[in-house]
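Asker: predicted coordinates and the sequence they were generated for:
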Amino acid sequence: VTYDPPSLATATQQSTTVTLTGAKLGDNINVSFDKPLQGTRMWAEVTAADTVTVYHRNDTGVTVDLPSGNLTIKIV
């Protein structure tokens, strides 16, 4: 999925939802982003059937604005 994360001030987070057919509550999810995270972190969870929420948090101490890239989300 192509994703352009918004700029994140320090000590903030945002989220986005992605449709992932077959995802069920309780499934383990791996998420990766093909650009450097610049010290921020990303994680994901299934929040409804076929829906994954990807979270992005910045605790670096400075505002971070990542470039557009590709999210890869897998059920493990």
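Answerer: Noted; the coordinates are in hand.
Asker: kindly list the main-chain dihedrals of Leu66?
Answerer: phi -80, psi 150 (degrees, to the nearest 10).
Asker: quick check: it vs Ala48, distance?
Answerer: Leu66 sits at a distance of 26 Å from Ala48 (criterion: C-beta to C-beta, to the nearest Å). Any C-beta I mention is one placed from the backbone N, CA and C, and that applies to glycine too.
Asker: compare neighbour counts for these two and give me the winner.
Answerer: Leu66 (20 against 12; other C-beta atoms under 10 Å).
Asker: can you tell me the closest non-neighbouring residue to that one?
Answerer: Spatial nearest neighbour of Leu66, chain neighbours left out: Pro5 (4.6 Å); criterion: C-beta to C-beta, 6 or more residues apart in numbering.
Asker: enumerate every residue touching the one you found.
Answerer: With contact set as C-beta atoms under 8 Å, 6 or more residues apart in numbering, Pro5 has these partners: 14, 33, 56, 65-66.
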